[in-house]
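Trainee: Could you look at this predicted model? Sequence included:
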Amino acid sequence: MIDTVHGRGPAGCAQRVPPGPVPSPRFPPWPSERNDAPPDHQETAITASDPVPLRKDGTPSAGTATSAVELRGITKRFPGVVANHDINLTVRTGTVHALMGENGAGKSTLMKILYGMQKPDEGTIAINGEQCEFSTPGDAISRGIGMVHQHFMLADNLTVLENVVLGGEKIHGIGAKAKAKIKEISDQYGLGVRPDALVEDLGVADRQRVEILKVLYRGAKILILDEPTAVLVPQEVDALFDNLRELKSEGVTVIFISHKLHEVLAVADAISVIRRGTTVGDADPKAVTARQLAEMMVGAELPSPESRESTVTTAEMLDVKDLRIAKTDAEGIERVVLDDISLRIHKGEILGIAGVEGNGQAELVEAIMGMLPLDGGTVTLDGKDLSGTLTRARREAGIGYIPEDRHRHGLLLEAPLWENRILGHVTEEPNSKGMLLDPSAARVDTRRIVEQYDVRTPGIEVTAASLSGGNQQKLIIGREMSHQPKLLIAAHPTRGVDVGAQAQIWEHIRAAQREGLAVLLISADLDELIGLSDTIRVIYRGRLVADADPATVTAEDLGTAMTGAASGHIESEPEALAEAHAVAAEGTQAENTPADGTDPSDTADDPQAGE
């Protein structure tokens with residue numbers, strides 16, 4: 001029976017939604033509830049040809065196809081923070097719709113509302129024309145919505161099979177039929193997932209593939225993908241985009257959240273930008289540049305990781321010789337994960353490690369940090385042999401560490417920021433005096449980090465979980481840099497952060513490099529590797545198989561070496577290098593820039609632009 005007051009039908013969804021905007025209840029706005037986007041962004045959806053009037057009801061400017069998702073007037077408040085304010089978004093059926101915005105803009109909160117993880121304080125949700133209210137993710141799943149989170153929702157102590165069927169036992173059971181279905185989906189989409197593997201033994205890339213498989217296993221018709229390419233090499237990104245286009249052709253709708261502007265322009269049918277918690281405009285990917293999107297997001301031009309000058313010295317800081325580590329896998333077979341690894345890093349040098357996830361990068365980091373016992377080889381820092389020392393001793397000797405998964409290895413999510421500032425540096429000032437912790441000094445220094453590293457937070461007593469991903473990362477970097485490390489191990493330092501936070505992180509690393517910091521950089525972002533590194537080594541199946549000069553290699557050729565198809569010294573053809581540079585430059589110039597060089601959408605001098 002339909003509720004005659006609210007029009008609700010089965011599964012929390014109404015039977016009909018009136019055409020056009022659905023007005024949301026209005027209350028007196030909080031002081032922070034205001035649209036601080038530049039006036040031009042509030043009025044115009046940026047295009048590279050004639051500007052198209054922005055429809056503040058969220059209706060995309062292109063197309064009139066049936067809407068799979070309609071969000072109207074979505075507002076969500078948390079203590080001290082208005083995460084979403086009057087959000088309007090329309091996603092057409094059978095399209096890839098990109099959602100963009102800097103960290104803290106409210107994208108994740110909005111998607112959690114759509115997925116039933118949060119309830120909005122105001123506003124309405126309509127799925128395929130039916131107004132819905134979601135109290136749990138189960139409600140959203142029943143309406144055909146699936147979400148792959150940026151930070152994975154997997155149980156480490158369970159197998160892939162057990163994780164996939166958990167909560168969906170009625171779909172294909174929990175035995176042979178479910179296992180066969182997982183293999184079928186894995187083969188169909190080239191995910192390479194092993195149902196019997198323990199999740200705790202999987203790398204970040206494999207974990208993401210398991211998450212994608214979970215969504216497909218449940219037959220979702222609306223997919224929310226949060227930073228799905230963060231751990232993929234260019235060839236894998238292309239394969240994923242092919243899969244998305246195939247899903248789209250079958251009527252599946254994809255909401256694609258990404259900070260990689262060129263990827264969004266390559267795969268999206270429509271783009272919506274959120275800034276300071278509200279929608280500021282839509283853009284046609286066929287008629288907008290990466291530069292314009294960056295300015296819509298953060299009020300600044302697209303940052304480049306390119307280093308400005310060489311700071312490499314002849315003084316050796318890290319010397320790794322003949323590292324060997326073997327592990328026993330789930331089938332009881334001993335597997336060599338690091339085989340005869342040797343490398344050197346000098347003061348003022350950034351050594352980049354390129355490789356597909358799961359080829360030994362994580363084990364290399366853990367071996368240098370003392371988190372894994374060595375079966376052979378030595379680790380020497382600034383002339384001191386650390387091979388037999390504990391992790392704490394290596395920290396005290398001058399190793400800073402930015403982990404690849406900040407939630408699992410970098411933060412205590414339910415602890416306040418000042419306690420997270422102490423992590424990894426318990427015995428060092430200002431966190432301790434002698435044998436005792438000094439919470440007062442730690443609080444003072446946390447406030448300094450928040451200010452110096454632009455960690456956007458209501459205060460240092462809030463939990464780390466309340467921060468956006470980019471602000472969590474800036475807190476970690478501030479913590480590690482505060483102890484003047486001799487060597488910084490940076491594993492995916494800008495993974496999942498927006499262009500504004502990227503630029504800040506790169507500049508902090510460059511500044512420390514100029515002061516003599518040695519950096520071991522592990523990144524799945526090949527543009528970041530090429531732009532920041534002085535030298536690049538390629539790791540494949542636990543061995544360093546290739547090297548490259550960042551000035552003479554393209555991301556495509558580096559990606560080829562990462563798959564094992566090339567070895568030795570990698571150098572790209574001059575024509576390929578010129579083409580790569582031209583493509584990079586293309587995203588920074590607007591096609592309709594006037595002859596005087598000005599850009600009508602430029603907000604670089606707007607005092608309200610950016611946060």
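Mentor: Thanks, I have the structure now.
Trainee: part of a strand, is Ser135?
Mentor: No. Using DSSP: H, G, I helix; E, B strand; the rest coil, the assignment for Ser135 is coil, not a strand.
Trainee: Spit out the contact partners of the residue nearest to Ser310 when sequence neighbours are not counted.
Mentor: Among residues not flanking Ser310 along the chain, Asp534 sits closest, at 6.6 Å (C-beta to C-beta, 6 or more residues apart in numbering). Heads up, the C-betas are built off the backbone N, CA and C, glycines and all. By C-beta atoms under 8 Å, 6 or more residues apart in numbering, the contact set of Asp534 is Ser307, Ser310, Val312, Glu349, Ile350, Leu351, Pro550.
Trainee: mind checking how far Asp534 is from Gln513?
Mentor: Noted for Asp534: a distance of 9 Å to Gln513, by C-beta to C-beta, to the nearest Å.
Trainee: Overlap in contacts, these two.
Mentor: Glu349, Ile350.
Trainee: any low-confidence regions in the stretch 201-350 of the chain?
Mentor: Applying pLDDT under 70 to the stretch 201-350 of the chain flags the ranges 203-205, 230-233, 235, 299-308, 330-331.
Trainee: Strands of that one, residue ranges please.
Mentor: With DSSP state E, counting those that start in this stretch as the criterion, the stretch 201-350 of the chain has strands at 222-226, 253-257, 270-275, 278-283, 316-328, 334-346, 350-354.
Trainee: Equivalent analysis for the stretch 501-611 of the chain, please.
Mentor: 518-522, 535-540, 543-548, 568-570.
Trainee: Report the contact partners of the nearest residue to Lys486 once chain neighbours are set aside.
Mentor: Counting by C-beta to C-beta, 6+ apart, Gly398 is the residue found nearest to Lys486 once chain neighbours are left out, at 3.5 Å. Applying C-beta under 8 Å, 6+ apart to Gly398 gives the contacts Leu381, Asp382, His483, Gln484, Pro485, Lys486, Leu487.
Trainee: now these in TSV, with pLDDT, distance to Val193 and neighbour count?
Mentor: Formatted as TSV, the contacts of Gly398 follow (pLDDT from 0 to 100; distance: C-beta to C-beta, whole Å; neighbours: other C-beta atoms under 10 Å):
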residue	pLDDT	distance to Val193	neighbour count
Leu381	96	38	22
Asp382	94	42	16
His483	90	40	17
Gln484	90	43	12
Pro485	93	37	19
Lys486	94	40	17
Leu487	95	35	21
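Trainee: possible to save those as JSON lines with distance to Glu122 and secondary structure?
Mentor: What follows is the contacts of Gly398, written out as JSON lines (distance: C-beta to C-beta, whole Å; DSSP: H, G, I helix; E, B strand; the rest coil):
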{"residue": "Leu381", "distance to Glu122": "55", "secondary structure": "strand"}
{"residue": "Asp382", "distance to Glu122": "57", "secondary structure": "coil"}
{"residue": "His483", "distance to Glu122": "45", "secondary structure": "coil"}
{"residue": "Gln484", "distance to Glu122": "48", "secondary structure": "coil"}
{"residue": "Pro485", "distance to Glu122": "46", "secondary structure": "coil"}
{"residue": "Lys486", "distance to Glu122": "52", "secondary structure": "coil"}
{"residue": "Leu487", "distance to Glu122": "50", "secondary structure": "strand"}
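Trainee: Distance to Leu423 for these - can I get that in a markdown table?
Mentor: Putting those into a markdown table (distance: C-beta to C-beta, whole Å) gives the following:
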| residue | distance to Leu423 |
| --- | --- |
| Leu381 | 21 |
| Asp382 | 24 |
| His483 | 12 |
| Gln484 | 17 |
| Pro485 | 15 |
| Lys486 | 19 |
| Leu487 | 18 |
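Trainee: on that earlier part again, please identify the most buried of the strands of the stretch 501-611 of the chain.
Mentor: The highest mean neighbour count among the strands of the stretch 501-611 of the chain, using mean count of other C-beta atoms under 10 Å, belongs to strand 518-522: a mean of 26.
Trainee: Tell me the strands beside that strand, with direction?
Mentor: strand 350-354 (parallel), strand 487-491 (parallel) (DSSP bridges).
Trainee: does the closest residue to Leu216 other than its chain neighbours sit in a helix or strand, and which one?
Mentor: Distances taken as C-beta to C-beta, 6+ apart place Ile185 nearest to Leu216, at 5.1 Å, with adjacent residues excluded. Element membership for Ile185 (DSSP states H and E) is helix 176-188.
Trainee: Dump that helix to PDB, restricted to CA.
Mentor: The C-alpha trace of helix 176-188 is given here as PDB (Å, rounded to 0.1, in the frame of the first residue of the first chain):
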ATOM      1  CA  ALA A 176      30.800 -24.500  -5.300                       C
ATOM      2  CA  LYS A 177      28.100 -22.500  -7.200                       C
ATOM      3  CA  ALA A 178      29.300 -19.200  -5.600                       C
ATOM      4  CA  LYS A 179      33.000 -20.100  -6.400                       C
ATOM      5  CA  ALA A 180      32.100 -20.800 -10.000                       C
ATOM      6  CA  LYS A 181      30.300 -17.500 -10.400                       C
ATOM      7  CA  ILE A 182      33.200 -15.600  -8.900                       C
ATOM      8  CA  LYS A 183      35.600 -17.300 -11.400                       C
ATOM      9  CA  GLU A 184      33.200 -16.500 -14.200                       C
ATOM     10  CA  ILE A 185      33.000 -12.800 -13.400                       C
ATOM     11  CA  SER A 186      36.700 -12.700 -12.800                       C
ATOM     12  CA  ASP A 187      37.500 -14.200 -16.200                       C
ATOM     13  CA  GLN A 188      34.800 -12.100 -17.900                       C
END
